[in-house]
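**Q** please work out how this folds:
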Amino acid sequence: AMDARNFFNAKGTPFPSFRYNQFGGAFGGPVVKNKTFFFVDYEGFRRNSQVLQRLTVPTLKMREGDFSEIRNRIYDPLTTQPNPGFDPSKPVSAANPQFTRTPFANNRIDPSRFDPLTHSLINAYPLPQTSGVINNYTSNMSQTQNWDQGDVRVDHHFSPFDTFFARWGMQKTTTIVPNTFPAVNLPGVSQPVSLGNEDSFAGASTTTANHAAANYVHVFSPRLLNELRAGFNRFNMDYTQEGAAPGANLGNQFGIANSNSFPTQTGFPIVSPANYAGIGQSRSLPILRIENTYHVVDNMTYVLGSHTLKFGGDFKRRQLTEYQTNRGNGRFNFTQAFTGLPNAGGGDTMASFLLGYPSLIEQDYTLAWVGLRGVETGLYFADDWRVNKRLTLNLGLRWEYFSPFSEVADRIANFSPDTATMMVAGRNGVSSTAGIEKNWTNFAPRFGFAYQAGSHTVLRGGYGIFYNPNGNGGSVLRLQRNLPFGPIYS
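**A** Numbers count the residues shown, from 1 in each chain. As a prediction, this is how the structure comes out:
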């Protein structure tokens, strides 16, 4: 039942296969009797699944400029002129257009008007599988993922008062995400190119994570003990757009000038016609990211009568290196606007596409492969107070400090609404954090209670204030995308 056809996967169409293999094992035991112990484990899986989508592709007639299958009239954008009969006292509509255009005869565009590049792309679509003009194609592409993880741990008892363990683990995940359509040959391009929706995120992703931890516990007395922990994590992601090998420059080969204007941007542009499947490559790739996190924690516990006191602190150092663009190879959006009446309806997106009239052209540049640095620090004190046999109170206070991120070569910038200027880190008196101020006042009180109201009833409650640092994808960590380090042209 979990591998059955879905609603859109009708009989007679390819069945969405699914293969999943998971395996692993663990082994452990003593090294020195009652002193030293080891443990190792491994787990892996191999998955192959089908990505099924119901899509709209242009019909055979549309590819030749014949839009007689649709209801809307197709207008010639080169004939746009003011409507002498426009009534400004009435809303703009098909009956009262502010501008007029001459419709193409019989809703057909003469081949002499075709744009050569978009004409090649419209024929790069696979043929429709049904006679309809919408939802006429089912894409069924294969996605694979391989995942491996392993851990090694050693525990050692120095004495009844001193214990220690160390652990190291690694995980590697390789994912190949398909594009919407099978690869095709395009004029001028030296290799087959797989095209489709911009949200396919088609490409090969390799993610490797390493983590190490050590823990040392010392018992000073039956009432006092201390725990010291240290850790290191390294995350490495290489997610590259499908076909975007070094020097491939697929967009330039196809004839889109300046599509590949940066060494890390060698793929095909985003081509996104509204209401139809895309016929370009993915947005937001490549993602090249390395993150190191160093972490030290110390916790002290002291029992004093009916009070269990806990206090300590932690320190994290984050190092983040990242490169990513959203539309580094260029973006071309198409709508029906150019082949309809302005603000009055009509037209068709694929007609505008065939004529070569995009509604939006964009390209962004990430000029800095940044190295961001930041720290996270916290101190806390807590008291678990057993007031009596029925009531226990949990009281605490935590202080947090999350530093603004800086960049190793000041390659970040921020907009100042006060001066309406861009503040570049390290220049003209601007701080290394590009004007983001430090906040030392993150105090977080905590309160909780447990009250035994009866032999079978316990009431519990709590209150706390919590602070979290900026997420790794937050805007504060993307200041390298501001001018002058991340210009966007449109």
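**Q** looking at this, Ala351 is in a strand?
**A** No - assessed with DSSP: H, G, I helix; E, B strand; the rest coil, Ala351 is helix; it does not lie in a strand.
**Q** how many neighbours does it have?
**A** Neighbouring residues of Ala351 were enumerated by other CB atoms under 10 Å; the total is 29. Heads up, the C-betas are built off the backbone N, CA and C, glycines and all.
**Q** for it, what are its contacts?
**A** Ala351 makes contact with 62, 67, 74, 109, 336, 339, according to CB atoms under 8 Å, 6 or more residues apart in numbering.
**Q** how about the nearest residue to it, chain neighbours excluded?
**A** Among residues not flanking Ala351 along the chain, Thr339 sits closest, at 4.2 Å (CB to CB, 6 or more residues apart in numbering).
**Q** test my guess that that neighbour contacts Phe353.
**A** No - with contact defined as CB atoms under 8 Å, Thr339 does not reach Phe353; the gap is 9.3 Å.
**Q** if we can go back for a sec, closest to Ile176 out of the contacts of Ala351?
**A** Ile176 lies nearest to Met62 out of the contacts of Ala351, by CB to CB, at 32.0 Å.
**Q** how many residues are close by Leu60?
**A** Applying other CB under 10 Å, I find that Leu60 has 10 neighbouring residues.
**Q** quick one: pLDDT of it?
**A** Predicted confidence (pLDDT) for Leu60: 97.
**Q** my guess is it contacts Gln129, does it?
**A** No - Leu60 sits out of contact with Gln129 when judged by CB under 8 Å, with a separation of 12.0 Å.
**Q** show me what the closest residue to Asp383 other than its chain neighbours is bridged to.
**A** In space, Asp383 comes closest to Leu395 once its chain neighbours are excluded; the distance is 4.7 Å by CB to CB, 6+ apart. Per DSSP bridges, the residues bridged to Leu395 are Asp383, Phe447.
**Q** and Leu395, how far from Asn326?
**A** 48 Å (CB to CB, to the nearest Å).
**Q** ok, Gln281 next?
**A** Note on Gln281: its distance to Asn326, by CB to CB, is 12 Å.
**Q** which strands or helices does the helix or strand of the chain with the lowest mean pLDDT pack on?
**A** Least confident element among the helices and strands of the chain, by mean pLDDT, DSSP states H and E: strand 488-489 (a mean of 90). Where contact means 3 or more CB pairs under 8 Å, 6 or more residues apart in numbering; DSSP states H and E, strand 488-489 is packed against strand 360-364.
**Q** now do the strand it packs on: everything it contacts.
**A** Identification of contacts with strand 360-364 by CB under 8 Å, 6+ apart yields 258-259, 261, 325-333, 481, 486-490.
**Q** show me what counts as buried in it.
**A** 362-364 (16 or more other CB atoms under 10 Å).
**Q** for that strand, which strands pair with it and how are they oriented?
**A** Strand 360-364 sits in its sheet next to strand 331-334 (antiparallel), strand 488-489 (antiparallel), going by DSSP bridges.
**Q** only C-alpha atoms, please: export the longest one in CSV.
**A** This means strand 331-334. Below are the C-alpha coordinates for strand 331-334, written out as CSV (Å, rounded to 0.1, in the frame of the first residue of the first chain):
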residue,chain,number,x,y,z
ARG,A,331,16.5,34.3,-14.8
PHE,A,332,13.9,34.7,-17.5
ASN,A,333,10.2,34.9,-16.4
PHE,A,334,7.4,34.9,-18.9
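**Q** now flag whichever of the buried residues of strand 360-364 is closest to Val458.
**A** Nearest to Val458, judged by CB to CB, of the buried residues of strand 360-364 is Asp364 at 57.0 Å.
**Q** tell me what that closest one is bridged to.
**A** Ile488.
**Q** do Tyr323 as well
**A** Applying DSSP bridges, one finds that Tyr323 bridges with Leu288.
**Q** mind listing the helices for the stretch 51-200 of the chain?
**A** 60-63, 116-122 (DSSP state H, counting those that start in this stretch).
**Q** deepest-packed of those, please.
**A** Highest mean neighbour count among those (mean count of other CB atoms under 10 Å): helix 116-122, with a mean of 19.
**Q** contacts for it?
**A** Residues outside helix 116-122 that contact it (CB under 8 Å, 6+ apart): 58, 62-63, 186-187, 195, 254-256, 271, 279, 350, 353-356.
**Q** can you flag the buried ones in those residues?
**A** 58, 62-63, 186, 195, 254, 256, 271, 279, 350, 353-356.
**Q** residue contacts, Val177?
**A** Residues in contact with Val177 (CB under 8 Å, 6+ apart) are 143, 200-205, 242.
**Q** try 10 Å
**A** Val177 sits next to 51, 141, 143-145, 200-205, 239, 242, 282, 285 when contact means CB atoms under 10 Å, 6 or more residues apart in numbering.
**Q** does Phe232 touch Trp168 like I think?
**A** Yes - taking contacts as CB atoms under 10 Å, Phe232 lies within contact range of Trp168: 9.4 Å.
**Q** what residues are shared contacts of the two?
**A** With CB under 10 Å, 6+ apart, Phe232 and Trp168 have common neighbours 210-214.
**Q** what's the closest of the buried ones among the contacts of helix 116-122 to Thr36?
**A** Nearest to Thr36 among the buried ones among the contacts of helix 116-122, counting by CB to CB, is Leu195 at 58.0 Å.
**Q** what about the closest residue to Ile134 other than its chain neighbours, how many neighbours?
**A** Ranked by CB to CB, 6+ apart and with sequence neighbours excluded, the top spatial neighbour of Ile134 is Thr56, at 4.9 Å. Thr56: 19 surrounding residues under other CB under 10 Å.
**Q** so what pLDDT did Thr56 get?
**A** Note on Thr56: pLDDT of 97.
**Q** roughly how far apart are it and Arg108?
**A** Taking CB to CB, one finds Thr56 at 20 Å from Arg108.
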